[in-house]
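Novice: Build me a structure from this.
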Amino acid sequence: MNVNCQFPDELLKDSTRVVRVLRDKLQRLEEYSDGGSRDDGRKKVGLYVMADATYGSCCVDEVGAAHINADCVVHYGHTCLSPTSTIPAYFVFGKASVSVSDCAEKICTFASCRGKPVLVLFGLEYAYAMHDLKEALEDETSKVSSSASRLQIFYAVALPPAVEPVKGERTPDLQGELGDTEIQKSYSIGGLKWSLSHDQRIEDYLVFWIGSDNSAFANTVLTFNACEIVRYDATEKCLTTDVSQKTRILKRRYYLVEKAKDANIVGIVVGTLGVAGYLHMINQIKDLVTKAGKKPYMLVVGRPNPAKLANFPECDVFVYVSCAQTTLLDSKEFMAPVITPFEAILAFTRGSQWTGEYTMEFRDLINMASSEAQSNLAEPRYSFFEGGYVDEIDHEENGDDSEEGLPLAVATEKALRLRDDNTNPHTKIVPKSGPEFLAMRSYQGLDINYDGSSPKPLLIGRTGRAAGYEDEKHGV
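Specialist: Numbering: from 1, shown residues only. Predicted structure coming up:
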């Protein structure tokens with residue numbers, strides 16, 4: 001049995017010590033259970049250290065685990081707790097230091113003057129301290145509030161650390177479909193889950209986040225951007241009430257959505273090969289892009305960076321399909337915008353409006369209908385960047401053209417005719433593809449001119465070392 005122990009870069013220095021302790025424990029367990037013999041046919045457990053994850057370190061690296069045919073993965077450190085697709089995993093959250101008494105005092109003091117019910121969320125590294133925190137908050141609540149105005153505090157709970165692979169392409173829907181007769185509404189984000197009454201809104205709660213300012217906190221702020229959110233820094237033992245820097249990100253994301261609407265070629269960047277449902281999400285985005293009259297290309301480049309994506313200058317925008325805590329990239333240094341699947345659905349669905357709701361979880365997007373993307377495709381669309389109405393070409397119709405068996409060449413010819421058509425009152429968006437983009441470039445790579453002549457005979461080169469070849473005369 002092979003077990004992969006996955007460590008992030010910051011914990012890699014502790015990996016050898018952890019594996020050494022695990023091996024000692026396993027050896028003692030085998031000696032105790034077998035009485036010193038292994039005649040019962042049980043397999044020996046092999047431990048392997050896995051670092052430098054193929055994609056984000058918060059997800060289980062199923063690609064790396066497949067290299068040694070691992071039977072399971074033990075993941076250490078910060079995690080998004082995304083469900084796996086092919087291999088079982090166990091997550092070790094760790095135990096970050098936190099002052100329970102100080103945290104409870106600051107939460108109660110701040111919340112007592114707000115008059116709102118409190119929802120406590122936390123980083124998974126503080127899950128071990130939640131039981132003590134509940135008791136401390138109950139004591140502090142009795143001190144700062146009377147029985148008539150008792151402070152209402154709700155707590156999220158961490159999902160189980162043991163995860164089994166999800167069968168099929170769809171991820172489990174933890175929220176469920178709500179009906180009129182349901183009593184509670186369930187929420188889940190970043191490995192946490194909680195329930196609220198169906199007649200209560202999450203916007204009416206004062207949300208406290210216990211933990212550092214990391215990707216999990218950013219995911220929480222963007223998802224619940226209509227809530228008042230306060231973060232307790234366990235390291236500095238202080239409250240941070242200003243999260244405007246996070247909420248300002250939404251303004252730039254809206255700008256990128258409008259920018260993506262004018263894109264002709266869309267690159268779908270695969271950012272995970274292990275999160276359950278990733279393949280269904282990629283196919284859904286691909287269909288959505290095609291129905292919107294744009295040309296999709298799927299790219300697998302590992303961890304994306306500006307240098308990697310600069311190799312695809314024909315792409316006007318990239319859609320990064322990854323887990324919820326790594327899908328949000330600051331694309332200021334990239335040559336083209338990088339958007340999330342949720343933003344892609346907004347950009348490529350005709351007539352959609354952004355209401356301020358934001359989500360980065362797979363399970364919230366995987367069932368969203370994309371059939372509206374092709375509705376009214378023939379009607380012109382107003383572009384804020386073009387300053388006028390634009391028309392878009394349906395690539396699906398071009399793909400059905402079978403003139404001389406060259407549908408791509410026919411589509412390119414149609415696109416060039418549209419570009420030269422000056423009689424249309426609307427501003428035309430020229431549909432482009434990879435071959436057409438290459439044909440328009442002045443430099444198309446090395447050009448080997450072949451004139452039909454026979455190849456020249458082989459010549460014997462020099463022998464020896466560069467310090468002195470055999471045909472060279474060496475001085476005495």
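Novice: Could you list every helix and strand in contact with the strand or helix carrying Val266?
Specialist: Assigned by DSSP states H and E, Val266 falls within strand 265-270. Here strand 265-270 touches helix 278-291, strand 295-299, strand 317-321, going by 3 or more C-beta pairs under 8 Å, 6 or more residues apart in numbering; DSSP states H and E. All C-beta atoms are positioned from the backbone trio N, CA, C, and that covers glycine.
Novice: Show me what the second one is packed up against.
Specialist: Spelled out, that is strand 295-299. strand 265-270, helix 278-291.
Novice: List the contacts of it.
Specialist: Contacts to strand 295-299, defined as C-beta atoms under 8 Å, 6 or more residues apart in numbering, come from residues 264-270, 282, 285-286, 289-290, 309, 312, 315, 318, 395, 431-434.
Novice: what about the helices in this protein?
Specialist: Under the criterion DSSP state H, the chain contains helices at 15-34, 62-66, 100-112, 130-144, 215-223, 244-261, 278-291, 306-309, 341-348, 362-365, 395-399, 407-420, 434-440.
Novice: quick one: buried residues of the longest one?
Specialist: The reference is to helix 15-34. For helix 15-34, burial by neighbour count (16 or more other C-beta atoms under 10 Å) applies to 15, 18-19, 30.
Novice: ok, now the fourth one?
Specialist: Judged by neighbour count (16+ other C-beta under 10 Å), helix 130-144 contains these buried residues: 130, 133, 136-137, 140-141.
Novice: quick one: contacts for the residue nearest to Leu124 when sequence neighbours are not counted?
Specialist: Excluding its sequence neighbours, the residue lying closest to Leu124 (C-beta to C-beta, 6 or more residues apart in numbering) is Phe93, at 4.3 Å. Phe93 makes contacts with 79, 124-125, 127-128, 158, 161, as judged by C-beta under 8 Å, 6+ apart.
Novice: hang on, the earlier thing: and the buried residues of helix 15-34, which is closest to Pro455?
Specialist: Closest approach to Pro455 among these (C-beta to C-beta): Ser15, at 54.2 Å.
Novice: For Tyr76, see how far away the closest one is.
Specialist: According to C-beta to C-beta, to the nearest Å, Ser15 and Tyr76 sit 8 Å apart.
Novice: Give the residues shared as contacts by the two.
Specialist: Residues touching both Ser15 and Tyr76 (C-beta under 8 Å, 6+ apart): 5, 7.
Novice: Who are the contact partners of Ala218?
Specialist: Applying C-beta under 8 Å, 6+ apart to Ala218 gives the contacts 246, 249, 325, 328.
Novice: Compare the residues you listed and tell me which has the most neighbours.
Specialist: Gln325 (25 neighbours; other C-beta atoms under 10 Å).
Novice: so how far is Ser82 from that residue?
Specialist: Separation of Gln325 from Ser82 (C-beta to C-beta) stands at 9 Å.
Novice: Quick check: neighbours shared by those two?
Specialist: Both Gln325 and Ser82 are in contact with Cys58, where contact means C-beta under 8 Å, 6+ apart.
Novice: Could you double-check that Arg150 lies in contact with Thr141?
Specialist: Yes: using C-beta atoms under 8 Å, Arg150 is in contact with Thr141, at 6.9 Å.
Novice: Below-threshold pLDDT in the chain: ranges please.
Specialist: Within the chain, the stretches with pLDDT under 70 are 34-42, 144-149, 168-183, 367-382, 384-432, 444, 447-452, 474-476.
Novice: please redo it, this time with the cut-off set to 50
Specialist: Residue ranges of the chain with pLDDT under 50: 171, 174-181, 369-375, 397-405, 415, 418-419, 422-423, 425-429, 431, 476.
Novice: just to revisit the earlier point, list just the one of the helices and strands packed on strand 265-270 that sits closest to Leu365.
Specialist: Closest among the helices and strands packed on strand 265-270, once you apply C-beta to C-beta, is helix 278-291, at 6.7 Å.
Novice: mind listing what's buried in the closest one?
Specialist: 278, 280-282, 284-291.
Novice: can you check stretch 251-266 too?
Specialist: For stretch 251-266, burial by neighbour count (16+ other C-beta under 10 Å) applies to 253, 256-257, 259-266.
Novice: Show me which of the residues you listed is closest to Glu228.
Specialist: Ranked by distance to Glu228 (C-beta to C-beta), the buried residues of stretch 251-266 are led by Arg253 at 20.7 Å.
Novice: Enumerate every residue touching that closest one.
Specialist: When contacts are counted by C-beta under 8 Å, 6+ apart, Arg253 touches 339-340, 343, 358.
Novice: What's the local residue count around Glu357?
Specialist: A count of nearby residues for Glu357, using other C-beta under 10 Å, gives 12.
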